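Q: Build me a model from this:
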Amino acid sequence: MSSFLGNHHAVLAAHETRPTVNFQKDSFYTASRAVNYQGYNVSMYAAVPKNGGTITGKISGDCNGKVTGHYDGKDNGVITGNVYGSCQLMFLQIPGSASFTGTVSKTNNNAPLNVTVKIDTFEKTEPVTVSFN
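A: Here you go, the predicted model:
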């Protein structure tokens with residue numbers, strides 16, 4: 001099992017690239033990202049209301065799950081949330097989760113976040129900045 005967690009640690013390092021949030025004319029920022037790693041194909045999507053409210057999203061592909069959270073809608077406003085999912089490994093279903101907290105800078109078009117990932121006994125917190133245009 002430790003080699004499995006080690007592989008996921010490498011996946012986390014690969015996520016240090018900054019996902020782009022698509023600035024849309026409607027009332028949501030949307031973030032999407034496709035990750036392909038060691039035969040796993042995973043798509044992630046989240047919708048963040050520009051004026052604040054509930055964040056929703058999903059994880060699909062070889063792993064499945066959901067994204068939930070809240071944004072207060074202010075410039076330099078608070079954003080928090082959770083990601084829950086699981087991946088199939090042979091005949092096992094491996095659950096994992098992540099939590100994030102930070103702020104949204106409408107002026108700088110980004111959201112500096114602290115993201116904590118948990119898989120079994122593995123836990124790691126990393127700073128991640130999500131940019132949008």
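Q: Every contact and neighbour count from this point should use C-alpha atoms.
A: Will do.
Q: Contacts only, for residue 124.
A: Contacts here follow Cα atoms under 8 Å, 6 or more residues apart in numbering; on that basis residue 124 touches 116-118.
Q: what do you get for residue 45?
A: Neighbouring residues of residue 45 by Cα under 8 Å, 6+ apart: 30-33, 57-59, 67.
Q: Name the nearest residue to it, ignoring sequence neighbours.
A: Using Cα to Cα, 6 or more residues apart in numbering and skipping the chain neighbours, the partner closest in space to residue 45 is residue 32 (4.3 Å).
Q: Would you mind listing where the protein has pLDDT under the threshold?
A: Counting by pLDDT under 70, the chain has low-confidence residues at 1-25, 133.
Q: Please tell me how far the most centrally placed residue in it sits from residue 95.
A: Geometric centre of the chain, nearest residue: residue 83, 6.5 Å, by Cα atoms, centre = their mean. Between residue 83 and residue 95 the computed distance is 11 Å (Cα to Cα, to the nearest Å).
Q: State the helix or strand in which residue 114 lies.
A: In this structure, residue 114 is located in strand 110-119 according to DSSP states H and E.
Q: wait, I meant residue 126
A: Assigned by DSSP H and E, residue 126 belongs to strand 122-132.
Q: Excluding chain neighbours, what is closest to the residue nearest to the centre of the chain?
A: Nearest residue to residue 83 in three dimensions, chain neighbours excluded: residue 67, at 4.5 Å (Cα to Cα, 6+ apart).
Q: Figure out how far the helix or strand in which residue 79 is found is from the centre of its chain.
A: Per DSSP H and E, residue 79 falls inside strand 77-89. Strand 77-89 has its C-alpha centroid displaced from the chain centroid by 6 Å (Cα atoms, centre = their mean, to the nearest Å).
Q: Lovely, talk soon.
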